[in-house]
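Student: coords please:
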Amino acid sequence: MTKEQVETIKNNPKYQKLVRTRSKFAWTLTLIMLVVYYAFILFIAFSPETLGTKISPDGMATWGIPIGLAIIVFALLVPFTPIGPVFGFVAPPPLFYIFLTLLMCAYLVVVEFAKGWFYKREAYRLEQVLVPKKAFYITKTARLMQDMIAAISLRAEEEFTIESLTDDLNHTLTYPVNQNQIDKTLQQLRRSGLISINRKERTIKREAAMTSYVQKSIIEGPNWPAISEEWRKVHNILLNKYGTVNSEYEELIQKQ
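Tutor: Reported below is the predicted structural model:
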C-alpha cells in the first residue's frame, strides 16, 4: 500500500469515526475493568471481614469466593453481551476456553503446593509473633493462634468437635472473638499440617506434627517465659472442665 493510499484512508470520515469510536470504547472498557478489579482489591484491603463472612453458618465457604468468580465470569462474558457485536467483538473459540481451564487448574495446583510448603515451614512466624519482654501479642490474631494451639494440644482426646473447641475458647479467652475468626485460625493450622479437619462432621483431629511443633517451637522456644502462664491457665481450665488433659503435653509443661 502506497503512502497516498494510507493518507486517503486516514482522511476518510468513516475511518476517522471508526478510530474515535474504537478509542472511546477502549478507554470505556478499560475504565470499567479497572473499577471492577480495583474495587475488589480495595474491598480486600479495607473490609476483609466482609469477604470472609461465611455464606452459611454451617459451611466453610465465604462470600469472597462467589464474588471473585463473578468478576472472572464478567470478564469472560463481555464478548457475549449486547455491546460485543456493536464493537466487533468475536467470541473466543472453544479451544480457548479449554486452554484457559487447563491453565487455571495448573495455577491452582501450583498455588496449593506452594501454600502447603510455606505453611508447614513458616506459618508460625506469621501468626505467633510476640513481644517477649512485655508478654503482649502484636495482634489479637496472633494471640488467638497461640491460645487455640494450647487448647487443642491440651485436650485429652485426639479428635473432637469444632463446637467443643469453641466452647473451650469461650471459657478461656479474655478477649472477644467470633466463629469466623476461629474458623480462619483453624484453616491456618490445617495448612501447617498440625491438625486435620473433617468438614462434614465438623471435627478436628490433632496430628502427630503438633507434639514436635509445641515442644520445639513453643515450649523450648525463646518466647516460652512470656506465654507459659497462659498455657498453664488453659491447662487448669480444661482440667477442671473435663477432669483430664493430654498427659504428653502436661509433662512437657511441668518440665519447664
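Student: show me what the helix or strand hosting Val35 is packed against.
Tutor: Assigned by DSSP states H and E, Val35 belongs to helix 13-46. Using 3 or more C-beta pairs under 8 Å, 6 or more residues apart in numbering; DSSP states H and E, the elements in contact with helix 13-46 are helix 48-51, helix 64-77. The way it works is simple: take the backbone N, C-alpha and C, and place the C-beta from them, glycine included.
Student: how far does that helix sit from the chain's center?
Tutor: 30 Å (C-alpha atoms, centre = their mean, to the nearest Å).
Student: do stretch 112-120 as well
Tutor: Stretch 112-120 sits 13 Å away from the centroid of its parent chain (C-alpha atoms, centre = their mean).
Student: before we move on, back to that, least confident of the helices and strands packed on helix 13-46, on average?
Tutor: Within those, confidence is poorest for helix 48-51, with a mean of 74 (mean pLDDT).
Student: quick one, the helix holding Val35 and helix 64-77 angle?
Tutor: 170 degrees (axes from the mean of the first three to the mean of the last three C-alpha atoms, to 10 degrees).
Student: distance to Ile182 added to the helices and strands packed on helix 13-46, as JSON lines?
Tutor: JSON lines is the format used below for those (distance: least, C-beta to C-beta, whole Å):
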{"stretch": "helix 48-51", "distance to Ile182": "13"}
{"stretch": "helix 64-77", "distance to Ile182": "17"}
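Student: output those as TSV; include the columns distance to Leu239 and mean neighbour count.
Tutor: As requested, these are exported to TSV (distance: least, C-beta to C-beta, whole Å; neighbours: other C-beta atoms under 10 Å):
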stretch	distance to Leu239	mean neighbour count
helix 48-51	34	13
helix 64-77	39	13
